[in-house]
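Novice: following is a predicted model, sequence given first.
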There are 2 protein chains.
Amino acid sequence: MADPIRFYFDFNSTFSYIAIHRIDALAARHGRNVDWRVLSLGHLFHAQSIAPPPTIPAKLKYLALDFVRSCSFVGLPCALPKVFPPDVKLARLMFCRLQRHDETAARSFAKAVSLALFGHGVDVATAQQLADASKPIPGISVAEIEAAAADPKAKKAVISALDAAVADGMVGAPFFVLDGEPFWGADRLDQLETRLKEKA
Amino acid sequence: MADPIRFYFDFNSTFSYIAIHRIDALAARHGRNVDWRVLSLGHLFHAQSIAPPPTIPAKLKYLALDFVRSCSFVGLPCALPKVFPPDVKLARLMFCRLQRHDETAARSFAKAVSLALFGHGVDVATAQQLADASKPIPGISVAEIEAAAADPKAKKAVISALDAAVADGMVGAPFFVLDGEPFWGADRLDQLETRLKEKA
């Protein structure tokens, strides 16, 4: 089977939400798997000397509108959380903890958490909030999420994703790498799919 | 007839090149005219406190690749000029000078100049280079382009476009405003067209 598509995302990234809900189906249509890697987008921006878009007032205003419109055009519900940027540190760690043993559960968790946050505007900062947001998924409990907060392997996975992302030239989230070729943004999913068709 | 689509661009903007060659046909498919406004993108970034993307090494690298790919996917030739960012001050002034008397010639000039610059990598800084790039278009000569350099009305038009762009919340080029709704980027032409279809 061909190499998986590397997919870098963060839970606090609006456009990652769209990609989280679309990338697996897109890849599957072309016989590819996806290598999901969560990282801290703030640290990525710092490493690349990029000002986070929400810190620029004119960009914040435009991007909020653009995000609502982009969700509507792909049929995803959309709501901006009251606290922005939201605290997603625990979500990242729990995703990595799950991923070690159950990739399917980790992806279901990512979909549920991002849907709660950017689909319904619900905070997902605490273990209880995360457990509520991801309730029917097996292997998830408040105790497990609290354990993720102190899981050194999970922390290491988040840091190692950042190092790999910088090496791949990531400049914003979501970011995809297909056979060495980078694609930045949920609005590049179409070009990514065009490229997959060309390779068929 | 419905209001025209406002279209802000600059000659030194890679993705404006794509929009310059696509916006009129897109608007015409939906019975709209386009209100073309050239401005200085450098001054726009300054006014909005945005770091120009090419000043960030990782973004410059990604955007060069993304630009080549985006041109190829819409069937436009693509070449990056040796001098980047290119000097396009005279091109802006000549566009505005032409626009006062002959809108069609002004748009043909914009298409020819941007094609020379980003389609074929040819410099368009001087009056002679601009005249060569736009040769078969009526009303254009080296003398006319030299006159544009000292045309106070042309200079005023470029400045007034900047003021209007800031008021419209422009954050990058190309930028479109359809009935008050902003769209940023050549990669939003699809969403712009979807919105036009919804209004039909």
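Specialist: Received it, and whenever you're ready, just let me know what you need.
Novice: go ahead and confirm residue A:74 touches residue A:19.
Specialist: No - at 10.3 Å, residue A:74 does not count as touching residue A:19 under the criterion of Cβ atoms under 8 Å. All C-beta atoms are positioned from the backbone trio N, CA, C, and that covers glycine.
Novice: distance between stretch A:136-145 and the chain's centre?
Specialist: Counting by Cα atoms, centre = their mean, to the nearest Å, stretch A:136-145 is centred 19 Å from the centre of its parent chain.
Novice: then stretch A:135-155?
Specialist: 17 Å.
Novice: how long is that stretch end to end?
Specialist: The first and last residues of stretch A:135-155 sit 23 Å apart, counting by Cα to Cα, to the nearest Å.
Novice: run through who's touching it.
Specialist: A:90, A:92-94, A:96-98, A:100-102, A:105, A:108-109, A:112, A:127-128, A:130-131, A:134 (Cβ atoms under 8 Å, 6 or more residues apart in numbering or on different chains).
Novice: give me the buried subset of the residues you listed.
Specialist: Buried residues within the contacts of stretch A:135-155, counting neighbours by 16 or more other Cβ atoms under 10 Å in any protein chain shown: A:90, A:92-94, A:96-98, A:102, A:105, A:108-109, A:112, A:127, A:130-131, A:134.
Novice: quick one: which of the residues you listed is nearest residue A:35?
Specialist: Closest approach to residue A:35 among the buried ones among the contacts of stretch A:135-155 (Cβ to Cβ): residue A:96, at 13.2 Å.
Novice: the closest one and residue A:157 touch, don't they?
Specialist: Yes - checked against Cβ under 8 Å, the pair residue A:96 and residue A:157 is within contact range at 4.0 Å.
Novice: against which helices or strands is whichever helix in chain A runs longest packed?
Specialist: Taking DSSP state H as the criterion, chain A has its longest helix at helix A:57-74. For helix A:57-74, the elements it packs on are helix A:14-20, strand B:181-184, helix B:189-199, judged by 3 or more Cβ pairs under 8 Å, 6 or more residues apart in numbering or on different chains; DSSP states H and E.
Novice: any weak-confidence spans in chain A?
Specialist: Along chain A, no part satisfies pLDDT under 70.
Novice: quick check: residues of it near chain B?
Specialist: With Cβ under 8 Å from any Cβ of the partner chain as the criterion, chain A meets chain B at residues A:48-51, A:56-59, A:61-62, A:65-66, A:69-70, A:73, A:169-171, A:181-182, A:184-185, A:187-188, A:190-191, A:194.
Novice: neighbours of residue A:141, how many?
Specialist: 12 (other Cβ atoms under 10 Å in any protein chain shown).
Novice: do the same with the one 10 residues further on
Specialist: Residue A:151 is surrounded by 17 other residues when neighbours are defined as other Cβ under 10 Å.
Novice: again with residue A:82
Specialist: Around residue A:82 there are 9 residues (other Cβ under 10 Å).
Novice: pretty sure it sits in a helix.
Specialist: No - counting by DSSP: H, G, I helix; E, B strand; the rest coil, residue A:82 is not found in a helix; it is coil.
Novice: where do the helices sit along chain A?
Specialist: Secondary structure of chain A (DSSP H): helices at A:14-20, A:23-28, A:41-47, A:57-74, A:89-101, A:103-114, A:120, A:127-133, A:142-149, A:152-167, A:189-199.
Novice: buried deepest among these, which one?
Specialist: helix A:14-20 (a mean of 25; mean count of other Cβ atoms under 10 Å in any protein chain shown).
Novice: and residue A:133, what is it in contact with?
Specialist: By Cβ under 8 Å, 6+ apart, the contact set of residue A:133 is A:112-113, A:115-117, A:122, A:124.
Novice: quick check: the gap between it and chain B.
Specialist: 29 Å (Cβ to the nearest Cβ, to the nearest Å).
Novice: which non-adjacent residue is nearest that residue?
Specialist: Excluding the flanking residues, the one nearest residue A:133 by Cβ to Cβ, 6 or more residues apart in numbering or on different chains is residue A:116, at 3.7 Å.
Novice: what's the neighbour count on the one you found?
Specialist: Residue A:116, neighbours per other Cβ under 10 Å, totals 21.
Novice: list the contacts for it?
Specialist: With Cβ under 8 Å, 6+ apart, residue A:116 has these contacts: A:122, A:124, A:132-134.
Novice: mind checking how far stretch A:7-26 is from the chain centre?
Specialist: 4 Å.
Novice: actually, stretch A:127-141.
Specialist: For stretch A:127-141 - counting by Cα atoms, centre = their mean - the centre lies 17 Å from the chain centre.
Novice: ditto for stretch A:35-48
Specialist: That offset, for stretch A:35-48, works out to 10 Å (Cα atoms, centre = their mean).
Novice: what's that stretch in contact with?
Specialist: A:4-13, A:50-52, A:85, A:89, A:92, A:95-96, A:99, A:103, A:106-107, A:110, A:157-158, A:161-162, A:164-166, A:170-173, B:56, B:58-59.
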